[in-house]
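*Asks:* Dropping the sequence and predicted coords here.
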Amino acid sequence: MMHAMQRGILAVTISSLFGMVACSDSSPDAQVPELETEERLYTYRAIAGVSMGGGASAHIALSNPELYDFVGILGAPLIDLKAFARMIRRNWMQGFCSLDVLEERIEAGLSLDSADAFCGYYGNSEQNLKLAPELEVLPPNRGANTEVLEFPSDYHNWFRGPDGGRGGSFHRVSLFRSLEDIFRAYGNPMYDGTSDVAWAAPGITQEWLERSNGERCDNPIVLPNFYNAEYNPEGRYNAITYCDGRVSDPDGTFEAQLGRLLPTTPRTEPISVVLAMDLNDNGRRDYGEPIIINAHERYQDTGIDGLHDQDEPGYDPLANPDPNGDNWNAFTNPTGTEKNWWYDEGEAYEDFGLDGVANTGDYGENDTLYSLTPVWETTSQHDPNTLISERNYEDLGHLNIYVDAGIRDFLNTAVSSNRFWSKLTQRVPENETSVVFDFSDLETNDEPLDRYTLASDKIKRFTYLQYGDPDATRTIINNGNGNHVGTAEEALTRVFSAMTLAQRSWPDLDMTTGSSPLGDARYLGSDTYESQTLGRSQNYSFILPPGYYEEENAEVTYPVLYFLHGQGQDHTDNLGSALLFQSAMSEKRRVGESLWGKFIVVFPDGECPRGVCGTGNFYLNHVDGAPSTRFQDDLYELMDVIDERFRTRDPELKTVPKGFAYRDVVESL
């Protein structure tokens, strides 16, 4: 608990920040108004995570914001599922020549299994402008000399950036497997959901999935007359399953930054989440044959005024590019509806169903409603962007939200995070939001950043930090600046920032100094519990605060932070940080006060059991509905287990300064 003097200092600093205490004169009779306070319920529970875990922490906290005091969303591509789905559709699954061009090649006797049968963004003399980067990553007021835009890809070239700061190889086969895990969890947003397997492409059966890779490649599933407005409007061709591969390019080359597929690449990896169109009827996907997507009815992204920019009165491409002022921008026009790459009620659409072809009787056709694949009805319940859209300021209660994203994240996480942030800023007061430009923006008085305190007036209750230097040199970029994980310094600072802000969200932690429990095995480790949800034994790891086992603290209870790891990791991967965390809870910040207050850290296990999914369960109840895949319910069960096994602090009503967000928020002023 804080000492009385510390509480007094805290009250003065926060009251001065919010302007609630008037300046007084030096006379002994001067009257100081009473501090304005409010009563707030603290749960003493926080949740944060990176990548896969960041998206999970967002949807878990926003589903029940009253259960948490803080959520840290670090580098989460799935912070906006609509933005992520757009990247998959527009970049990863596009770049094919038009049907007319491909049919002309067939009629001329030309091969579809050659590079000139593909019209993608990379490797052609004329780039496909439909795939060119169009979304700005940086806010207009960033003041950078370098333009930073989304990363473009095409089907045969999945941009994955330099090795530095990527966080893994992420070659195209592993990205496909990652995508498969995402669809297992959230559902497949590319089709109408008619597959026998909930997350797979149409036509795929469990029996086919259980075959060997070779058998699946040699025996594709064939779906006759699979309509698609772009590549099979007359139903002449068959849709098929197919196999993919990857090229191992030399390290350091530009080509190594692309998850490439060449016409000569062996294709031995069966794909189960999307289908190809077999235009030449040879029973396999040739290099130029397209991937087909039937995700939503075709619409005009004009905005609700029904006019494209060039049709708006007064249009000039340079002097007046958006006459009606309805173009969406995450920072300057978050309510805009034109070019926001999602249907808005009032925009024109073709009521032909998901396949885009009239009179086929497919899902959504002629129902007088704009239709998209039915998986969105359930997926939106786990979409942070949708969830924040359904919340108002009162719903968020006492929840502090911290988001970060790298400006060069190859997964375009900044694009997704910008979209989420634009929605959040519409729900909360402007004076409680802050966009921070890299960690250097938090430095004060020319002093290096103190990641243990983050004492800055730029930290608000709702903060979005974009890390990465827009003007970084090529060498610095190759070392990972602004990438998915970032440089070693960025990665460490990112995790510490979330931890620091989480413990600062609680107003009255034990800030006493003391010795670190280094070497005492009781203070960190891994354990198991019998999950009633999943029907099997589950793992977790933990770090306990200094003094937890001291006799004088036998009745002391502690807040808990749940930290969710990324895909490809497991619960033990962050245990090495115990020394740093425990040291921060014991080392002196100033006389009688430690750097951090004391709290428990728990690392749930988000790794997939063998045979259930691949490398990540996304802490979500999967769309197949099986008891063995109810991972979100299991996470809640783990929270109950932690409350039973450790001395966790109960929710409590506290009287705090009105507008309280973080302890010591103005010390740097």
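*Replies:* Ah, there it is.
*Asks:* who are the neighbours in contact with residue 575?
*Replies:* The contact partners of residue 575, by Cβ atoms under 8 Å, 6 or more residues apart in numbering, come to 524-526, 541, 543, 603. C-beta here means a position set from N, CA and C on the backbone, and glycine is covered the same way.
*Asks:* Domain map for this structure?
*Replies:* 4-74+384-657, 82-292 (automatic domain parsing).
*Asks:* Out of those, which is closest to residue 314?
*Replies:* domain 82-292 (21.6 Å; Cβ to Cβ).
*Asks:* and that closest one, average pLDDT?
*Replies:* For domain 82-292, mean pLDDT is 94.
*Asks:* and if you look at stretch 341-352?
*Replies:* 95.
*Asks:* can you tell me the distance between the two ends of it?
*Replies:* 19 Å (Cα to Cα, to the nearest Å).
*Asks:* Kindly report the same for stretch 466-474.
*Replies:* 19 Å.
*Asks:* before we move on, what about stretch 186-198?
*Replies:* 10 Å.
*Asks:* What is the longest strand of the protein by residue count?
*Replies:* For the chain, the strand with the greatest residue count under DSSP state E is strand 269-278.
*Asks:* Adding distance to residue 322 as columns, could you present the domains of the chain in CSV?
*Replies:* CSV is the format used below for these (distance: least, Cβ to Cβ, whole Å):
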stretch, distance to residue 322
domain 4-74+384-657, 16
domain 82-292, 13
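*Asks:* Just say helix, strand or coil for residue 365.
*Replies:* coil (DSSP: H, G, I helix; E, B strand; the rest coil).
*Asks:* cool, residue 562 as well?
*Replies:* Once three-state DSSP is applied, residue 562 turns out strand.
*Asks:* Excluding sequence neighbours, find me the nearest residue to it.
*Replies:* residue 47 (4.7 Å; Cβ to Cβ, 6 or more residues apart in numbering).
*Asks:* do the same with residue 574
*Replies:* Going by Cβ to Cβ, 6+ apart, residue 574 has residue 603 as its nearest residue, at 5.5 Å.
*Asks:* Ok, residue 242 next?
*Replies:* Closest to residue 242 by Cβ to Cβ, 6+ apart is residue 285, at 3.7 Å.
*Asks:* Which among the domains of the chain is found nearest to residue 353?
*Replies:* domain 82-292 (8.4 Å).
*Asks:* sorry, back to before: run a quick check on the residue nearest to residue 574 versus residue 563, I expect a contact.
*Replies:* Yes - applying Cβ atoms under 8 Å as the test, residue 603 and residue 563 come out as touching, 5.5 Å apart.
*Asks:* Name the residues contacting each of the two.
*Replies:* residue 574.
*Asks:* quick one on the thing from earlier: among the contacts of residue 575, which one sits closest to residue 275?
*Replies:* Among the contacts of residue 575, and counting by Cβ to Cβ, the member closest to residue 275 is residue 603, at 38.2 Å.
*Asks:* Who are the packing partners of the helix or strand where the closest one lies?
*Replies:* Using DSSP states H and E, residue 603 sits within strand 600-604. Contacts defined by 3 or more Cβ pairs under 8 Å, 6 or more residues apart in numbering; DSSP states H and E place strand 600-604 against strand 536-543, strand 560-564, helix 631-645.
*Asks:* Quick check: closest non-adjacent residue to residue 522.
*Replies:* In space, residue 522 is closest to residue 549, 5.7 Å off (Cβ to Cβ, 6+ apart).
*Asks:* ok, now which ones touch the one you found?
*Replies:* 517, 520, 522-523.
*Asks:* What mean pLDDT does the longest helix along the chain get?
*Replies:* Counting by DSSP state H, the longest helix found in the chain is helix 488-504. The average pLDDT for helix 488-504 rounds to 96.
*Asks:* what's the following helix or strand after that helix?
*Replies:* By DSSP H and E, the next helix or strand past helix 488-504 is strand 524-531.
*Asks:* buried sites along that following strand?
*Replies:* 524, 529, 531 (16 or more other Cβ atoms under 10 Å).
*Asks:* does residue 103 count as helix, strand or coil?
*Replies:* Applying three-state DSSP: residue 103 is helix.
*Asks:* Could you do residue 416 as well?
*Replies:* helix.
*Asks:* My read is that it contacts residue 75, right?
*Replies:* No - counting by Cβ under 8 Å, residue 416 does not reach residue 75; the two are 10.0 Å apart.
*Asks:* got any residues that touch both of the two?
*Replies:* In contact with both residue 416 and residue 75: residue 405, using Cβ under 8 Å, 6+ apart.
*Asks:* neighbour-wise, which of those two wins?
*Replies:* Each of residue 416 and residue 75 has its neighbours counted (other Cβ atoms under 10 Å); residue 75 has more, 30 against 27.
*Asks:* my read: the more buried one touches residue 403, true?
*Replies:* No - using Cβ under 8 Å, residue 75 is not in contact with residue 403, being 9.4 Å away.
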